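Asker: Sequence and predicted model, in that order:
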Amino acid sequence: MIRPLKRPLPRRHPDTRVTGCLRILVIQCLLLTFVTPAFAHASLVSAAPAPGETVPPALAEIRLTFDESLTADSTFVVYAGGFQVVSGIAPQVEGQTLRASLAAPLASGTYAVQWKAVTEDGHSVEGSYQFGVSEAASVGKGTNWLPVIGGGLLVGAILILAAFVFRRRVL
C-alpha cells in the first residue's frame, strides 16, 4: 500500500521553467553561430557555358564562378565523348572565378566539365556538368521575329474588332 506524502512536493514557479528554456535556447544559438562557418564550402554560382546549354563551336572560353575566393589549387578538366581530355586548357584562378581560354574550336558533341574548387580555408568541393556544342546553336542568332509579328497581328485584330463594335453602336 502506498501512503500519501504528508507534505506536498515544492512546485517550481512557471517563470523559472520559461527562463531555463530561454537560457538553453540562447546558449544553443550562440554555439551554432560559432560552428556554422566551419561547415561552409564553395558553391558554383554560374558557369559559361551553363550546364545543359548548347553553344556554337566558336566558344572562346570556359568560366566557372563560385561564391567564395579560390586558391591556386582549384582547377577543372574538360572531357569530350569517350572521356577524352580536351587538350590546351589551362584554368587560372581570378578571385572567385576559374577561367580558361580554348586553344581551338570544339567539335560538335557533348562535353563534360569536372571541377575542383579549393577555398582559402582549405576546404575543397568537386562537381561536374555537361554542355553541348553544335553548328545549329550558331544558326538563328538574330532577332526572333515571331513574337513581334504575333503581337502585331493580335493588336490589329483587336483594333478591327473594336472598330466593328463601335460602328454598330453608332448606327
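Answerer: That came through, no problem.
Asker: where does this structure have its least confident helix or strand?
Answerer: In the chain, the helix or strand scored least confidently by mean pLDDT, DSSP states H and E is helix 14-35, which has a mean of 59.
Asker: Sheet partners, orientation included, of the helix or strand just after it?
Answerer: Proceeding N to C from helix 14-35, the next assigned helix or strand is strand 44-48, under DSSP states H and E. Sheet pairing for strand 44-48, assigned by DSSP bridges, gives strand 61-66 (antiparallel).
Asker: Quick one: the helices in this structure, in order.
Answerer: 14-35, 146-170 (DSSP state H).
Asker: From residue 128, how far out is residue 114?
Answerer: 4 Å (Cβ to Cβ, to the nearest Å). (C-beta placed from N, C-alpha, C; glycine too.)
Asker: What count of nearby residues applies to residue 111?
Answerer: Other residues within reach of residue 111, judged by other Cβ atoms under 10 Å, total 20.
Asker: Let me know the pLDDT of it.
Answerer: Note for residue 111: predicted pLDDT of 94.
Asker: in the sheet, who's paired with it?
Answerer: The partner list for residue 111 in beta bridges (DSSP bridges) reads residue 131.
Asker: Which residues are in contact with it?
Answerer: Counting by Cβ atoms under 8 Å, 6 or more residues apart in numbering, residue 111 touches 78-80, 86, 130-133.
Asker: 10 Å - rerun?
Answerer: Contacts for residue 111 (Cβ atoms under 10 Å, 6 or more residues apart in numbering) come out as 49, 55, 59, 62, 78-81, 86, 129-133.
Asker: Over to residue 64?
Answerer: By Cβ under 10 Å, 6+ apart, the residues touching residue 64 are 44-48, 70, 74, 76, 91, 96-100, 113, 115, 117, 127, 129.
Asker: One more: residue 90?
Answerer: 75, 100-101, 103.
Asker: quick one: it and residue 75, what's the gap?
Answerer: Note on residue 90: its distance to residue 75, by Cβ to Cβ, is 9 Å.
Asker: Mutual contacts of the two, please.
Answerer: Residues touching both residue 90 and residue 75 (Cβ under 10 Å, 6+ apart): residue 100.
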